[in-house]
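1. model the structure of this input:
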Amino acid sequence: MKTPLFVLSTLLLTLSSATAQSGLVCDDGTPLRQSISSGGPSAQAPGSLTSIFASNNGFSGNTFDITPNVDIEITGLDFNGSNTAIQYNIDVYYKVGTSVGFEADPLAWTLLASGLSAVCSGTNLPTFVNMAGNGIVLSAGTTYGIYFDSVDYPTGANIQYTNGTGTNEIYSNGDLLLECKTGQGSPAFSGSTFSPRVWNGTIYYDTLSGGGLSYSITGMVAGQAATFSITGAAPNSNCIIGYSLTGAGPINTSFGIVDMTPPISQFPVISSDANGDASFQVNVPPNAAGRTLYTQALNNGNLTNSLAEVVL
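-> Numbering: from 1, shown residues only. Predicted coordinates:
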């Protein structure tokens, strides 16, 4: 339903007046950025988990804990940023065990992935950053601390988040538990820590359970033969490999979240052997150096991990 123009104008004027009168400031000391566009969690479908997009604070990043119920690989994140003029450089670190107490200890953390986001959508709207192909498997039943950092905060790449209330810090679906912990200052590991704070975002992930279904590519070199391999498939079954040259999605399908942007093409169907292994070779064009192939496979309705392979 579209909002009538006079109603929208009234809302904007009311919001502007309230902000001016409240004098609210974020953890970094800047005026609170508010938006009438806000949202709570989306449907918590397998393949993604959303907290909220309803910020009332912000700084440079967040920490939170995740505990998967199945083996997963994080393929991307949505976050809440305020600067619509730029793309954000995002670093995501992880550690085994809780993040609590380790916010200022860089030696405790390992870089999971770095990514350049899409152009920021604006306050309380999701902005996507691709993390596909990082190769880090987070094991079922293990708690991991996550440190989310906007590298370019000093030049205006602000992160928006929400004050914790004791009832808004925990989110879950059948695959994953998310426990929000802190807001973080800049630079990472040495900026101030504020708690409790609720990270505004979505975690996109692939599940790696069910026999260890796995997908890999070797020899992705221009002018040479690359080998595409699937292991852990159902014995003597068909495997479908899709690919895109456009981007890493994500898009919703009947099989779950797919990390490819349409148009999506398909290689010829290949069959697994009695051990559940399948492979084939593709001749990489000589002029393909520098291109990125976004690809993911399917076996008996189950998606493999996604890959983002740069042709060397």
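2. Y147: which element?
-> strand 144-150 (DSSP states H and E).
3. can I get that strand as PDB, trimmed to CA atoms?
-> In PDB, the C-alpha atoms belonging to strand 144-150 read as follows (Å, rounded to 0.1, in the frame of the first residue of the first chain):
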ATOM      1  CA  TYR A 144      32.200 -19.100  17.400                       C
ATOM      2  CA  GLY A 145      32.800 -15.400  18.100                       C
ATOM      3  CA  ILE A 146      32.400 -13.100  15.200                       C
ATOM      4  CA  TYR A 147      33.900  -9.600  14.900                       C
ATOM      5  CA  PHE A 148      32.300  -7.500  12.100                       C
ATOM      6  CA  ASP A 149      34.300  -4.300  11.200                       C
ATOM      7  CA  SER A 150      33.800  -1.400   8.800                       C
END
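4. give me the mean pLDDT for that strand.
-> Averaging pLDDT along strand 144-150 yields 98.
5. please state the offset of it from the chain centre?
-> When C-alpha coordinates are averaged (C-alpha atoms, centre = their mean, to the nearest Å), strand 144-150 and its chain have centres 11 Å apart.
6. pull the residues that contact it.
-> 60-67, 77, 79, 81, 88-100, 102-103, 108-109, 112, 138, 157-159, 184, 186-189, 199, 201 (C-beta atoms under 8 Å, 6 or more residues apart in numbering). All C-beta spots, glycine's among them, are computed from the backbone N, C-alpha and C.
7. 6 Å instead?
-> Applying C-beta atoms under 6 Å, 6 or more residues apart in numbering, the contact partners of strand 144-150 are 60-66, 88, 91-95, 98-99, 109, 138, 157, 159, 188.
8. kindly report the same for stretch 154-163.
-> For stretch 154-163, the surrounding residues in contact (C-beta under 6 Å, 6+ apart) are 54-58, 60-62, 80, 82-83, 88, 123, 150, 183, 197-200.
9. and if you look at stretch 82-96?
-> With C-beta under 6 Å, 6+ apart as the criterion, stretch 82-96 contacts 33, 81, 108-109, 111-117, 119-120, 122-123, 129, 144-152, 156-158, 160.
10. can you list the buried residues in that stretch?
-> Within stretch 82-96, the residues scored as buried using 16 or more other C-beta atoms under 10 Å are S82, N83, Q87, Y88, N89, I90, D91, V92, Y93, Y94, K95.
11. likewise stretch 104-113?
-> Buried residues in stretch 104-113, defined by neighbour count with 16+ other C-beta under 10 Å: A108, W109, L112, A113.
12. quote the end-to-end distance of it.
-> This stretch, stretch 104-113, spans 19 Å end to end (C-alpha to C-alpha, to the nearest Å).
13. quick one on the thing from earlier: give me the mean pLDDT for the helix or strand following the strand holding Y147.
-> Counting by DSSP H and E, the element after strand 144-150 in chain order, helix or strand, is strand 159-163. Strand 159-163 carries an average pLDDT of 98.
14. the following helix or strand past strand 159-163: partners in the sheet, and parallel or antiparallel?
-> Using DSSP H and E, the helix or strand that follows strand 159-163 towards the C-terminus is strand 170-172. If you go by DSSP bridges, strand 170-172 pairs up with strand 176-184 (antiparallel).
15. mind saving the C-alpha coords of the partner strand as CSV?
-> This file holds the C-alpha atoms of strand 176-184, laid out as CSV (Å, rounded to 0.1, in the frame of the first residue of the first chain):
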residue,chain,number,x,y,z
LEU,A,176,21.9,-21.5,13.6
LEU,A,177,21.8,-19.5,16.9
LEU,A,178,22.9,-15.8,16.8
GLU,A,179,23.7,-14.0,20.1
CYS,A,180,24.4,-10.3,19.7
LYS,A,181,27.0,-8.9,22.1
THR,A,182,28.7,-5.5,21.5
GLY,A,183,29.1,-2.4,19.4
GLN,A,184,32.7,-1.6,18.5
